[in-house]
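Colleague: Please work out how this folds:
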Amino acid sequence: MASCPNLDELRHVNRWNKGALYKKQVYVKQSRGHGGLVHTKLWESIKINNRHTLRLEKAVAESILKKKGPHGRRDGTRGQPASGIRHMIRRELMLLFHIKTEKLVEILNLNTEYKSGKKQDITMVMPNLSIAINELYSELIEADDRLANHPVFKRMWAPCACRLVELVWIYKYGK
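Modeller: Numbers count the residues shown, from 1 in each chain. Coordinates of the predicted model:
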């Protein structure tokens, strides 16, 4: 059974404070040092997820891999911390769903004719994000109906997720 989370499931965060709603299985949690959000192993589990091929712009994929700072898990699990391009793209996808709708509308309106360059295929285990992408699209259309014909949303969920990650990355860090 493949995992297909909705937008609310991807946005729910188990926090380290009392009184916060705690769910047993979540896709995002707060880091132990309260430094930010991290994705859980539900994003990586081969038991509940399938392999998907994402085609990111090569320059963006390379710059994601060169990102400074600590990469990977820091808890007491066995083996090396996950730190490769697949792990970092899962993180960028997770962060994409936590960006405010108004900010995404602004980013998309700044890039109405976006066309990505040469692409790099990256096959990775991850949940099927089709429901979450459709719900995000509905939220964005509700906020600004001009986005209905944006080139990012012309294809299926995987290319759409790739283009959104690319646009957010370019907005934050430049090419």
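
Colleague: for the record, mean pLDDT for stretch 60-73?
Modeller: Averaged across stretch 60-73, pLDDT comes to 74.

Colleague: do the same with stretch 40-56
Modeller: Here stretch 40-56 scores 89 as its mean pLDDT.

Colleague: got it, and stretch 123-143?
Modeller: Predicted confidence along stretch 123-143 averages 94 (mean pLDDT).

Colleague: From the chain's centroid, how far away is it?
Modeller: 9 Å (CA atoms, centre = their mean, to the nearest Å).

Colleague: Now it: buried residues?
Modeller: Neighbour-count burial for stretch 123-143, counted by 16 or more other CB atoms under 10 Å, picks out 124-133, 135-137, 140. Glycine gets a C-beta too; all of them are placed from N, C-alpha and C.

Colleague: what's the farthest-apart pair in these?
Modeller: Spatially, the most separated pair among these is V125 and L140, at 27.2 Å (CB to CB).

Colleague: I'd like to know which of the buried residues of stretch 123-143 is nearest to V13.
Modeller: V13 lies nearest to A132 out of the buried residues of stretch 123-143, by CB to CB, at 14.9 Å.

Colleague: Please, which helix or strand holds that closest one?
Modeller: Per DSSP states H and E, A132 falls inside helix 130-143.

Colleague: Please work out which residues outside the next helix or strand after that helix touch it.
Modeller: Later in the chain than helix 130-143, the nearest helix or strand by DSSP H and E is helix 157-173. Helix 157-173 is contacted from outside by 52-57, 60, 63-64, 89, 92-93, 95-96, 99, 104, 107-108, 110-111, 114, 116, 128-130, 133-134, 137, 151-153, using CB atoms under 8 Å, 6 or more residues apart in numbering.

Colleague: ok, L129 touching M94?
Modeller: No - at 10.3 Å, L129 does not count as touching M94 under the criterion of CB atoms under 8 Å.

Colleague: hey, what's in contact with both of those two?
Modeller: With CB under 8 Å, 6+ apart as the test, L129 and M94 both reach L10.

Colleague: rewinding a little: quick one, the helix holding A132 and helix 157-173 angle?
Modeller: Between helix 130-143 and helix 157-173, the angle comes out at 60 degrees (axes from the mean of the first three to the mean of the last three CA atoms, to 10 degrees).

Colleague: just the helices in the chain please.
Modeller: Applying DSSP state H to the chain gives helices spanning 7-11, 58-65, 85-96, 101-110, 130-143, 157-173.

Colleague: Much appreciated, bye for now.
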